[in-house]
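Visitor: next comes the sequence, and after it the predicted model I'd like to discuss.
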Amino acid sequence: MNCANNFNQNFDEDLWLEPLRAGRLALPIGETPEPFIDVEDVADVAAEVLARGGHSGQVYDLSGPRGLSFRAAVEISAGAAGRSIDYVELTPEVYRAELAASGYPEAAVAALDAMFAMHREGHTAVPADGVSRVLGRAPRRFEEDAKRVAASGVWSGTS
């Protein structure tokens with residue numbers, strides 16, 4: 001099973017939670033779309049593949065239903081949260097410098113820089129059909145997750 005590089009939960013549990021809380025997400029990605037996937041879809045696919053036969057030798061590329069730019073994902077998140085959150089486009093050099101200044105270890109800076117270089121080249125831009133092939137339904141939309149997360153108050157810092 002292959003997975004998309006970015007998950008909806010990166011915005012509320014991981015990499016971009018604190019920047020969203022602070023009102024500014026700054027990345028070196030441009031308008032290259034990313035088909036963010038909900039980790040629950042990944043778990044549902046894994047459970048189905050493990051519980052039922054007929055998947056031997058199959059490869060399922062997993063992604064969300066459509067590509068969104070990071071700018072669009074931030075706008076959706078801000079709208080759901082009912083507050084202003086800015087997306088700022090950085091050059092790779094400025095991004096690496098901001099990560100280093102924030103205390104990220106050199107290996108993490110290099111890994112994130114490499115991930116965004118791959119994204120800018122469009123390697124993960126096209127949505128895959130693995131979720132629908134395995135589960136017989138479309139993957140969850142980013143907007144669904146943003147509404148759920150916003151209702152929890154996590155982006156306002158009151159969760």
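Guide: Arrived safely.
Visitor: how about the strands in the chain?
Guide: Ranges of strands within the chain are 2-3, 24-27, 61-62, 86-89, based on DSSP state E.
Visitor: residue ranges in the chain under the pLDDT threshold?
Guide: Filtered on pLDDT under 70, the chain yields the residue ranges 1-4, 157-159.
Visitor: where do the helices of it begin and end?
Guide: Along the chain, the stretches classed as helices by DSSP state H are 17-22, 39-51, 70-81, 92-101, 106-120, 130-135, 142-152.
Visitor: if we can go back for a sec, to residue 104, which of the strands of the chain lies closest?
Guide: With distances scored as CB to CB, the stretch of the strands of the chain nearest to residue 104 is strand 24-27 (13.6 Å). Heads up, the C-betas are built off the backbone N, CA and C, glycines and all.
Visitor: what pairs with the closest one, and is each one parallel or antiparallel?
Guide: According to DSSP bridges, strand 24-27 has the following sheet partners: strand 86-89 (parallel).
Visitor: mind listing what's buried along the strand it pairs with?
Guide: Judged by neighbour count using 16 or more other CB atoms under 10 Å, the buried positions of strand 86-89 are residue 87.
Visitor: what does stretch 69-76 give?
Guide: Within stretch 69-76, judged by 16+ other CB under 10 Å, the buried ones are 69-71, 73-76.
Visitor: what sits closest to residue 115 if chain neighbours are left out?
Guide: For residue 115, the nearest residue in space outside its immediate sequence neighbours is residue 5; the separation is 6.4 Å by CB to CB, 6 or more residues apart in numbering.
Visitor: and stretch 65-76, end to end?
Guide: Looking at stretch 65-76, the gap from its leading to its trailing residue is 15 Å under the measure CA to CA, to the nearest Å.
Visitor: what about it, distance to the chain center?
Guide: Its chain's average C-alpha position is 9 Å from that of stretch 65-76, according to CA atoms, centre = their mean, to the nearest Å.
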